[in-house]
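K.L.:
Below is the sequence, then the predicted model.
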Amino acid sequence: MDISRRGWLGLAAAASAAAPARAITIRPMLTDPSGFAPAPGIAHLKYNENPLGPPASALQAMADLARQAWYYADDAEGLLAAMIGKRLGVPAAHVVLGHGSSEVITSAALAWGRRGTILVPALQFDEPLLYPIAQGLNYRRVAMAPDLGIDLGALGRAAAAPDVAMIYLCNPNNPTGMMLPAADLLAFARSLPPRVTLLVDEAYMELADDPATSTMLPLVQSGANIIVTRTFSKLFGMAGLRIGYAVASPANAAELKRHRLTISLNAPGLAAAIAAWDDAAFQQQSRAQISAARHVLQAAVARAGTIALPSQANFLFVKVANADRFAAAMAQRGILVRGAWGPAWPEWSRVSTGRMDDVARYAAALPELVQA
């Protein structure tokens, strides 16, 4: 088993015994006992958060809501689903909200896992699968291409097996940041057997250079057996508010809703999402800041004499001598980055486009620590 990110060690006990130690985290990380942010002096570049936070429009909406937060927010869920559907060109019935996009991915794994096996690229964000795996999910890893891209040919061959019910992939991918060519992914989606549902996690799509021509939403609009998931965590700066959604055919949407884990979403998160959805000025600012920080990181990688994979997201996957030792050395300087994603990729470390001052600290330290 080759599970990644924070749940990797817990699920792959046998592999973790032989794997390098995880990255060191400086304690205390937090500013106060309530525990909502890194302590002063800590550059938190681990989890792909948007350092702008929610826009002012969202903050005001949450403040206005405070006195009404003792009501369940069912009507607000319907309002946000309708707003999303209107912009994306589908009826509200095609939109499934979740406690972050992770919840709707988990719901899909629970539902389609009853039908058969789920295929997953070997190097990909897979935390939403942790709970389904604990419930006995049948899944199969598919090796990456030599350049660490998602190998659509290998996935297509694996999908020919009669037990396969779903393919789950991220585009742009996490942790690599790489984007699949839109034409290739469209052709792949159309080539799949009708029994195989394709789930494309587009958590970072809104940060890409040309999301309109790269998204798989047009296939959903045409009735294809595809589920697209997105989140308010990245572009909108709401990682802690946990609002995400899926767009799917009415039948697939109904199946997702049947397996949703929460009864009702949190009211502050919904209020913030509704307010931010049409805040075009903030979204433009968010993209600009993330792009600027990404360019600073890319320049630092070049100066350090190493490489990073081409990224269309708010992070880079950087080649170092040893990712776990590198993360530990960075942590000693108060800079928190990801260590090795798993034992198969010990030389690759992910760094996020956080606050520009923190990105500059990483850029200054990288040439010295890249061989740590």
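P.N.:
Arrived safely, thanks for sending.

K.L.:
Ignoring the adjacent residues along the chain, who's closest to residue 103?
P.N.:
Leaving aside its chain neighbours, residue 103 sits nearest to residue 261 (5.8 Å; criterion: C-beta to C-beta, 6 or more residues apart in numbering). For every residue, glycine as well, the C-beta is placed using N, CA and C.

K.L.:
Tell me the spacing between that neighbour and residue 110.
P.N.:
Distance of residue 261 to residue 110, computed by C-beta to C-beta, to the nearest Å: 8 Å.

K.L.:
which residues in the stretch 101-250 of the chain form helices?
P.N.:
101-113, 130-134, 152-159, 182-191, 211-214, 217-221, 250-258 (DSSP state H, counting those that start in this stretch).

K.L.:
which of the ones you listed is buried the deepest?
P.N.:
Among the helices of the stretch 101-250 of the chain, the stretch with the highest mean neighbour count (mean count of other C-beta atoms under 10 Å) is helix 101-113, at a mean of 25.

K.L.:
How is this protein partitioned into domains?
P.N.:
Following automatic domain parsing, one gets these domains for the chain: 5-54+281-369, 56-276.

K.L.:
what's the average pLDDT for the last one?
P.N.:
Put plainly, it is domain 56-276. Mean per-residue pLDDT for domain 56-276: 96.

K.L.:
Ends of it, what's the gap?
P.N.:
Criterion C-alpha to C-alpha, to the nearest Å; first-to-last residue distance in domain 56-276 is 9 Å.

K.L.:
so how far is it from its chain's centroid?
P.N.:
From the chain centre to the centre of domain 56-276 is a distance of 9 Å (C-alpha atoms, centre = their mean, to the nearest Å).

K.L.:
Please name the residues that touch the residue nearest to residue 103.
P.N.:
Taking C-beta atoms under 8 Å, 6 or more residues apart in numbering as the contact definition, residue 261 lies against 99, 103, 106-107.

K.L.:
how about the helices of the stretch 101-250 of the chain in JSON lines, adding distance to residue 303?
P.N.:
What follows is these, written out as JSON lines (distance: least, C-beta to C-beta, whole Å):
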{"stretch": "helix 101-113", "distance to residue 303": "35"}
{"stretch": "helix 130-134", "distance to residue 303": "38"}
{"stretch": "helix 152-159", "distance to residue 303": "34"}
{"stretch": "helix 182-191", "distance to residue 303": "32"}
{"stretch": "helix 211-214", "distance to residue 303": "30"}
{"stretch": "helix 217-221", "distance to residue 303": "38"}
{"stretch": "helix 250-258", "distance to residue 303": "46"}
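
K.L.:
Can you tell me which of the ones you listed is nearest to residue 86?
P.N.:
helix 217-221 (12.8 Å; C-beta to C-beta).

K.L.:
Can I get the closest one as PDB, trimmed to CA atoms?
P.N.:
Extracted as PDB, the C-alpha positions of helix 217-221 are listed here (Å, rounded to 0.1, in the frame of the first residue of the first chain):
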ATOM      1  CA  LEU A 217     -16.700  20.400 -17.000                       C
ATOM      2  CA  PRO A 218     -17.800  20.500 -20.600                       C
ATOM      3  CA  LEU A 219     -18.000  16.700 -20.600                       C
ATOM      4  CA  VAL A 220     -20.200  16.800 -17.400                       C
ATOM      5  CA  GLN A 221     -22.400  19.300 -19.200                       C
END
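
K.L.:
Counting by contacts, list what that helix packs against.
P.N.:
helix 182-191, strand 226-231 (3 or more C-beta pairs under 8 Å, 6 or more residues apart in numbering; DSSP states H and E).

K.L.:
make it 6 Å
P.N.:
strand 226-231 (3 or more C-beta pairs under 6 Å, 6 or more residues apart in numbering; DSSP states H and E).

K.L.:
ok, the strand it packs on: who's next to it in the sheet?
P.N.:
strand 197-201 (parallel), strand 244-247 (antiparallel) (DSSP bridges).

K.L.:
Not counting its own residues, what contacts the shortest one?
P.N.:
Right, the one you point to is strand 244-247. 84, 88, 90, 94-98, 100-101, 104, 220, 227-231, 256 (C-beta atoms under 6 Å, 6 or more residues apart in numbering).

K.L.:
go again using 7 Å as the cut-off
P.N.:
Residues from elsewhere that reach strand 244-247 (C-beta atoms under 7 Å, 6 or more residues apart in numbering): 84, 88, 90, 94-98, 100-104, 217, 220, 227-232, 256.
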